[in-house]
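Colleague: below is the sequence, then the predicted model.
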Amino acid sequence: MYKDIDIDSNNNIGSAIQYFRETYHISQSKLCKGLCSVSTLSRIEAGERDIDAFILETLLERLGKIPYHFELILTDFDYEAYQSRMEINKLIEDGAIDEAHKLIKEYDELASDKGSPHRQFVMVCKARLNELKGGKPEVTIDMLMEAIACTVPDFDTEELAEYFLSTSEFNIILDILQRMISTGMTDRAHKTLDQIINYLFWHSQMEQNINIYPKIAAIGARFLLEQNDLDRALELCNKGLEMNKGSRRIKYLGKLSLIKARATEGKFKAAGLWETCDKGECICLYLKAYHLFHFFDDYTKSDRIKKHLREEYGWEDID
Amino acid sequence: MGRYRLGDIVRMTRKSLSITQEQLCEDICSAETLSRIETGRQNPSKDVYELLMERMGRIRDRAYSMLSVSDFKVLEKMRQFETCIHIYDYHRAEYILEDIKRMLGGTNLDKQFIIRADSLVNYRLNRIDTDEFLEELQKAIRITIPRYGEISLSNWPLNHNEVTILLNISSVYSEKEDYKKGIDILEEVNNALKQSYIDREQRAILQVVITSNLSKWYGQIEEHQKAIETAYEGIEICKEFKIGNVLPHLLYNYAWIMEQLIEKGEQSPENKRECISYLKQAYYIACAMQQSYMEQFIKGHLAMYHDIML
């Protein structure tokens, strides 16, 4: 990747990948599955230059390395590709469909032969655009499936636990799960959720999985709550909250607190203990959720909680 | 991930020193070449790059050492070390540090890390006093910024390590109750961060810590307006980037400064209600973040100053 200067930055990334891979006892074939061939990984680890930066990043990410530790110096192609990805993401966020479409097409022509993460990026963008344009959710799911298949070729058939997934790859899978839930594909959603939880069980030592747990818990526990599987909802919720302790992340705490409040309340009611139980824990959970939603300007949710607290608990003293 | 190209580093460093391209490249390369390097149209040879950086007082292997193998191998340990510091387990931190020392190479960043880590542990275990700690931290920062103290860092392309050390230095000044000096350093770092190439999210994580300390210290020296503004700035960053760890502190700072203004008659007593709702928000967010110290602290404050029992 770095041609003009005789420095060994790339070499170092290669040894880092090898070092972490061996530390975690991950075989070469498992790490690079879907990304590059074993012989390419060997060449990377041996310090070969001219490796696409996006592939290197994905390898590091699969090893759970939080990327900011690595201040990469990129070649012009790598840098432009990175800039272009950022720009496309921004256009999609801003809803600029036509411009995004044009840039994605250019990116595809430029980078599609540079490796599977590039193709995956393009597919994910197309899926997000389809959604933006109001396309069918089933089509979005198929496109996301195609995207994940770029680097996890047998996602649908084989056990996920066979892979070492990067956070980006995991996020695509969660996007798929969310859309399965919202389109009512209950059976497939159950299957995917079970696969995810099984994966996390087998990969619990990987740091990035701890980081992603609150998000998984928020999506999964809500689904289980709606399916009235209160015990599993609570279990997943608690795990998500436990994983969040000591971190700086706050994004899913509102949702998790609310789900936990609703599941706890639901369990009391189902057991016929609602009139006699101690409601303190539920109130506290609802209040946490209320203040978190309120802080993040999600007034629809916070108002609903306020109303619920007033009606079910006679609790007036909120702000 | 910070994505630096050599050209960016050269350009930012040159600008931070306010020298022209001609002044920098004399006898090293032509002005046209430098211009191409800075705009990324040409990669400099290793010699040219090092000579340019050396002329600007930067340590030559800085850009390269960011990726040294020894760094990778001890990254895990370094993170464990930071975690121990974070949870006040200094003896365990020291034990891990000994391990790190055995594994480290001799790059400048390695040395910088060790000086900071050593002095931090020694200080927290009361083996050295505040002034000795400060001296060590300054020694560490001068490894990569030799002219620290003489030049403004407002336009300096700071990296993550350097920011961490500077935050430590500013905290030492606050412990010495020299809030003004602490504020000066943080304002410079904050300025440098706003234009740095550090990834936006990483930058936000540093900025919320900076604004939290700044608002507290501005409060200490009774510059209430600045204090309120900085607290608000930090709260907005937390909101945008969904950062929770210092949010209770920031919300508390905001309320605490408002209380002072009400007491001095500069704000109407009607704002007391706003203070209370900020404090309650801070309390429940601290609960949700499972920060028992802040939880108890804010609970105590609400009980003592507002007669509210949670």
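Modeller: Received, thanks. Numbering: from 1, shown residues only, chains lettered A, B, ... in the order given.
Colleague: quick one, phi psi at residue A:249?
Modeller: phi -80, psi 140 (degrees, to the nearest 10).
Colleague: element containing the residue lying closest to residue B:193 once chain neighbours are set aside?
Modeller: The shortest distance from residue B:193 to any non-neighbouring residue, by Cβ to Cβ, 6 or more residues apart in numbering or on different chains, is to residue B:203 (5.4 Å). For every residue, glycine as well, the C-beta is placed using N, CA and C. Assigned by DSSP states H and E, residue B:203 belongs to helix B:200-220.
Colleague: just checking, what packs against that helix?
Modeller: helix B:160-175, helix B:179-194, helix B:224-241, helix B:247-263 (3 or more Cβ pairs under 8 Å, 6 or more residues apart in numbering or on different chains; DSSP states H and E).
Colleague: and it, how far from the chain's centre?
Modeller: Put simply, helix B:200-220 sits 8 Å off its chain's centre (Cα atoms, centre = their mean, to the nearest Å).
Colleague: what about the residue nearest to residue B:193, neighbour count?
Modeller: Neighbouring residues of residue B:203 were enumerated by other Cβ atoms under 10 Å in any protein chain shown; the total is 20.
Colleague: repeat for residue A:31
Modeller: Number of residues near residue A:31 (other Cβ under 10 Å) recorded here: 22.
Colleague: and what of residue A:206?
Modeller: Neighbours of residue A:206 under the rule other Cβ under 10 Å: 19.
Colleague: can you show me the helices along the stretch 1-150 of chain A?
Modeller: According to DSSP state H, counting those that start in this stretch, the stretch 1-150 of chain A carries its helices in the segments A:9-23, A:28-32, A:38-45, A:53-62, A:76-94, A:97-111, A:116-132, A:137-151.
Colleague: helices or strands up against the longest one?
Modeller: Meaning helix A:76-94. Judged by 3+ Cβ pairs under 8 Å, 6+ apart, helix A:76-94 is in contact with helix A:53-62, helix A:97-111, helix A:116-132.
Colleague: adding mean pLDDT and distance to residue B:174, write these out as TSV.
Modeller: Listed next are the helices and strands packed on helix A:76-94 as TSV, based on pLDDT from 0 to 100; distance: least, Cβ to Cβ, whole Å:
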stretch	mean pLDDT	distance to residue B:174
helix A:53-62	84	37
helix A:97-111	94	47
helix A:116-132	95	45
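Colleague: report the residue spans of the chain with pLDDT below the cut-off.
Modeller: No chain in the question, so chain A it is. In the predicted model of chain A, residues A:1-12, A:49-50, A:66-76, A:158 satisfy pLDDT under 70.
Colleague: correction: the question concerned chain B.
Modeller: For chain B, the stretches with pLDDT under 70 are B:1-5, B:46, B:57-75, B:105-107, B:109, B:196-199.
Colleague: and the residue of it that's closest to chain A?
Modeller: Nearest residue of chain B to chain A: residue B:244, at 2.8 Å (Cβ to the nearest Cβ).
Colleague: what's near enough to touch the spatially closest residue to that residue that is not a sequence neighbour?
Modeller: Nearest non-adjacent residue to residue B:244, counting by Cβ to Cβ, 6+ apart: residue A:250, 2.8 Å away. Neighbour list for residue A:250: A:292, B:238, B:242-244, B:247, B:285, B:288-289 [criterion: Cβ atoms under 8 Å, 6 or more residues apart in numbering or on different chains].
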